[in-house]
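**Q** Based on what follows, work out the 3D shape:
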Amino acid sequence: MPSAASQTQASNWLLENGPNELERLFHAIVYHPSAPILIADDEGNYHDASTGAGKLLGIPREQIIGSSLEDLVEPATKPLVSELWRAFLRKGEQPGTLQLRGEKPLEVEYSVKGNILPVRHLVMLREAGAQESGEIPAWVKDYALFLLDPDGEICAWYAGAERIFDYTSAEMVGEHVSTIYPSDDALDARLEGELNRSITEGHFGTEAWCMRKDGARFWGNIITTALKDEHGTLQGFAAIVRDFSDRQERDKKLQRSRAPLRSLPAQTTVPGIVSGEFDRVLEANDAFLAMVGYTREELVSGLSWSDLTPPEYFPQDELAHEEGLRFGACTPFEKEFTRKDGTRVAVLVSTAVLKIFPCQWISFVQDLHELETVPVLDEEEIVEVKSEFAEIIGRSEALKRILCQIELVAPTNATVLVLGETGTGKELVARAVHRMSPRRERPFVTLNCAAIPTGLLESELFGYERGAFTGALTQKIGRFEMAHRGTLFLDEVGDIPLDLQPKLLRALQEKAFERLGGTKTIPIDVRLVAATNRNLTQMMGDKLFRSDLYYRLKVFPITTSPLRDHPEDIPTLVHHFLQKYATEMNKRIDHIPPETMRALVKFSWPGNVRELENFIERAVILSRGPNLRAPLGEIETEGLPVPASGTLEQVEREHVIRVLRETGSVVSKAAIRLGIPRTTLNALMRKLGISPREL
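**A** Have a look, this model is predicted:
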């Protein structure tokens, strides 16, 4: 536990710096839909303005910041503005209709929601007489903002939180954040996990049931940001809660209504790439410009993301943005863009939130018209498409999502991080990204970081000069240099030693490196694809993986699904591997007994596709006739109860050993299967005398 002095110091730091962090978090969330919003202080001066406010007022947002509403209205209206503002400060809300000046004088009805921060107020604008559908959504209008100390105790509780939860600041300051949630046995562990994730990832978003003072529950959207001083020391947390009760069912309907992701043909047009900050577009590639019909200057000098989106698609954009805030990247979904000439184009969009302060994002956009005109493939063409995807076999929705993500990111130079359990085909995904990229004719260089001794990994990556160390008799070219103008695949990137990680980060950022023992800087043009089955987020928390390298690798994450999550692909995989190994062994096996296939589909395959492939190869070896003879006894034992004989410690030891073997002796995966923290499993293994190396 921190000392009382350190707690007081942290609280003072939070009270001084926390409001600024809360305001930045607030901007990242509320500004994405580009609603016409202004942030004002007690004097009515505007500290910030959304793109939508600038559009509605006909004034660049940069000119609004530092002014007040009095500066924007006709002179005769100024006394009314002052009166309305004073009424707001007394009552907390005051609507009114004002005549604004500009190229086209507008009547704007405005309302003010006060005290989102100690000296900040939210001003929302809309055209007078606008239809209900054009008003600010109800969920935008109220936010509960508060600050927590490092132990999760509330140290600042603002007016929005008072309105939503009905607790006053005096009642909540000093209380633990668990006060705002319904109590259950897992609450403390869940909150501790969420705070730890916000520490390691910078921010963490979730949705859960919250509870008001009178016991009434509502569905809350919660985003928590870790606050650290200039030395990186944790000082506390900034949190924002929104009441999503009305929006919850709508979001579910939107998720259900998203068009099913399809398996795309290998040869399609280059996807459009567009990036920006909040709602502003900062950069776009030629493919995106051609798709929407705007010039680069038109797009980045005044248009916003919402200018391209028909009004009925705003909810999908909001949902994608929320997914991005929580997970870094959203599920690809279909929508439409409005071109410059007013026509619409159907597109597939995948958006990633790269940085929350300020909210920076990148979107990969594919023209669906190009996909819809692709002719139906016959069997020979299907085989050809599969070869383009490097034998990624299957028809499940999980697999289609992966293929769709490969299609989107492959034509770019973006770094790809492939995550997933052992045996789920991470290298196949990396090869598919390379084969479908403009670098397909260039080298695809691989390096398994876990297979190289720690002391040799640096020289494998960057090479070395003659005489760099004892035994360096000649110059050696490293993998980065080998992959110049091609793709470098770093498998098991989570096993890179901590002291080597800054050198890898520098090479990626500066696109240059020096060989070991050399002084010459060598420029490189390499597209990096990395993969790991380890939990890099947890490793960051354990100080085993650098956060800056993690975020540099995680530009476009692709997660491969374990086979147990898409068992519908097992029959297709079984037939594929059967044909492959029967051909290699010059055998003719043309029948799989139904009971064999049922057993194969039922088994959970802890080793995933790799284990299934090895099992089928063994079955082909054992088969002597036209029927596949599979050793089902090896897999039918799963799910049987652990023998009850022996002491409790013996039974416990046997069970832990069994789970470790099924997960390839990976402690973190075994801990997940056992439902306990990794540290608890490590302690249990020491107690039971279990070493992964001996399994």
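**Q** so how far is the one helix or strand Glu16 maps to off the chain centroid?
**A** For Glu16, the element it lies in under DSSP states H and E is helix 4-30. On the basis of Cα atoms, centre = their mean, to the nearest Å, helix 4-30 sits 25 Å off its chain's mean C-alpha point.
**Q** So which other helices or strands are in contact with that helix?
**A** Contacts defined by 3 or more Cβ pairs under 8 Å, 6 or more residues apart in numbering; DSSP states H and E place helix 4-30 against strand 37-40, strand 106-117, strand 144-148, strand 154-157, strand 217-228, strand 234-243. No exception for glycine: its C-beta is placed from N, CA and C like everyone else's.
**Q** could you dump these to a markdown table with mean neighbour count and mean pLDDT?
**A** As requested, the helices and strands packed on helix 4-30 are arranged in a markdown table below (neighbours: other Cβ atoms under 10 Å; pLDDT from 0 to 100):
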| stretch | mean neighbour count | mean pLDDT |
| --- | --- | --- |
| strand 37-40 | 24 | 82 |
| strand 106-117 | 20 | 61 |
| strand 144-148 | 25 | 90 |
| strand 154-157 | 22 | 91 |
| strand 217-228 | 20 | 89 |
| strand 234-243 | 24 | 90 |
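**Q** closest one to Phe165 among those strands?
**A** strand 144-148 (6.2 Å; Cβ to Cβ).
**Q** Other residues contacting the closest one?
**A** 14-15, 18, 22, 26, 116-117, 154-158, 160-161, 163-165, 172, 177, 195, 224, 227, 236-242 (Cβ atoms under 8 Å, 6 or more residues apart in numbering).
**Q** Please apply the same query to stretch 186-199.
**A** 148, 152, 177-178, 181, 204, 206, 224-226, 234, 237, 537, 541.
**Q** buried stuff in that stretch?
**A** By neighbour count on 16 or more other Cβ atoms under 10 Å, the buried set for stretch 186-199 is Leu191, Glu194, Leu195, Arg197, Ser198, Ile199.
**Q** Could you measure from the third one over to Lys213?
**A** Put plainly, it is Leu195. Distance of Leu195 to Lys213, computed by Cβ to Cβ, to the nearest Å: 23 Å.
**Q** next one: the fifth one
**A** Summarising the geometry, the distance separating Ser198 from Lys213, computed by Cβ to Cβ, is 25 Å.
**Q** right, and the helix or strand after the least confident helix or strand in the chain by mean pLDDT?
**A** Scoring the helices and strands of the chain by mean pLDDT, DSSP states H and E places helix 379-388 at the bottom, with a mean of 40. Reading on from helix 379-388 to the C-terminus, the next helix or strand found by DSSP H and E is helix 397-409.
**Q** Check what contacts the helix or strand following that following helix and list those residues.
**A** Counting by DSSP H and E, the next helix or strand C-terminal to helix 397-409 is strand 416-419. When contacts are defined by Cβ under 8 Å, 6+ apart, strand 416-419 is touched by residues 409, 426, 429-430, 433, 493, 528-533, 553-560.
**Q** Kindly recompute the last result at 6 Å.
**A** 409, 426, 429, 433, 529-531, 553-554, 556-559 (Cβ atoms under 6 Å, 6 or more residues apart in numbering).
**Q** From those, which land in helices?
**A** Val409, Lys426, Val429, Val433, Leu553 (DSSP state H).
**Q** Surely the second one and Thr532 touch.
**A** Yep, that's Lys426 we're talking about. No - look at Lys426 against Thr532 with Cβ atoms under 6 Å: they stay out of range, at 8.1 Å.
**Q** so the residue nearest to Gly517 when sequence neighbours are not counted, which of the three states?
**A** What sits nearest to Gly517 in space, not counting adjacent residues and going by Cβ to Cβ, 6 or more residues apart in numbering, is Ala468, at 2.5 Å. Recorded secondary structure, Ala468: coil (DSSP: H, G, I helix; E, B strand; the rest coil).
**Q** can you map out the strands along the stretch 251-400 of the chain?
**A** In the stretch 251-400 of the chain, the strands defined using DSSP state E, counting those that start in this stretch lie at 272-277, 280-284, 333-338, 344-355, 360-367.
**Q** Nearest to Leu69, out of those strands?
**A** That would be strand 280-284 among the strands of the stretch 251-400 of the chain, by Cβ to Cβ, at 22.8 Å.
**Q** Look up which residues are beta-bridged to the closest residue to Thr351 other than its chain neighbours.
**A** Nearest residue to Thr351 in three dimensions, chain neighbours excluded: Ser363, at 4.5 Å (Cβ to Cβ, 6+ apart). Here Ser363 sits in beta bridges with Val274, Thr351, going by DSSP bridges.
**Q** Below-threshold pLDDT in the stretch 551-695 of the chain: ranges please.
**A** 636-648, 692-695 (pLDDT under 70).
**Q** re earlier: tell me the pLDDT at the residue nearest to Thr351?
**A** Note for Ser363: predicted pLDDT of 86.
**Q** Surely Leu227 is in contact with Gln235, unless I've mixed up the numbering?
**A** Yes - in this structure, Leu227 is within contact of Gln235 by Cβ under 6 Å, at 5.0 Å.
**Q** Distance check, the residue of the chain most remote from its centre against Ser68.
**A** Residue farthest from the centre of the chain, counting by Cα atoms, centre = their mean, is Ala76 at 50.8 Å. According to Cβ to Cβ, Ala76 and Ser68 sit 16 Å apart.
**Q** Look at Glu230 and give its secondary structure.
**A** Counting by three-state DSSP, the backbone at Glu230 sits in coil.
**Q** Neighbours of it, how many?
**A** The local packing of Glu230 (other Cβ atoms under 10 Å) involves 5 other residues.
**Q** Glu407 too?
**A** By other Cβ under 10 Å, the residues close to Glu407 number 26.
**Q** ok, back up a step: could the strands of the stretch 251-400 of the chain go into a markdown table alongside distance to Asn586?
**A** Listed next are the strands of the stretch 251-400 of the chain as a markdown table, based on distance: least, Cβ to Cβ, whole Å:
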| stretch | distance to Asn586 |
| --- | --- |
| strand 272-277 | 49 |
| strand 280-284 | 55 |
| strand 333-338 | 48 |
| strand 344-355 | 45 |
| strand 360-367 | 44 |
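**Q** Can you convert those strands into a markdown table and add a column each for mean neighbour count and distance to Asn448?
**A** Below are the strands of the stretch 251-400 of the chain laid out as a markdown table (neighbours: other Cβ atoms under 10 Å; distance: least, Cβ to Cβ, whole Å):
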| stretch | mean neighbour count | distance to Asn448 |
| --- | --- | --- |
| strand 272-277 | 20 | 30 |
| strand 280-284 | 18 | 35 |
| strand 333-338 | 20 | 35 |
| strand 344-355 | 19 | 27 |
| strand 360-367 | 23 | 28 |
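**Q** picking up where we left off before, and the contacts of strand 416-419 as a markdown table, adding distance to Leu299 and neighbour count?
**A** Putting the contacts of strand 416-419 into a markdown table (distance: Cβ to Cβ, whole Å; neighbours: other Cβ atoms under 10 Å) gives the following:
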| residue | distance to Leu299 | neighbour count |
| --- | --- | --- |
| Val409 | 22 | 25 |
| Lys426 | 36 | 25 |
| Val429 | 32 | 26 |
| Val433 | 27 | 29 |
| Val529 | 30 | 30 |
| Ala530 | 32 | 28 |
| Ala531 | 35 | 27 |
| Leu553 | 29 | 24 |
| Lys554 | 27 | 20 |
| Phe556 | 22 | 23 |
| Pro557 | 27 | 18 |
| Ile558 | 28 | 23 |
| Thr559 | 32 | 18 |
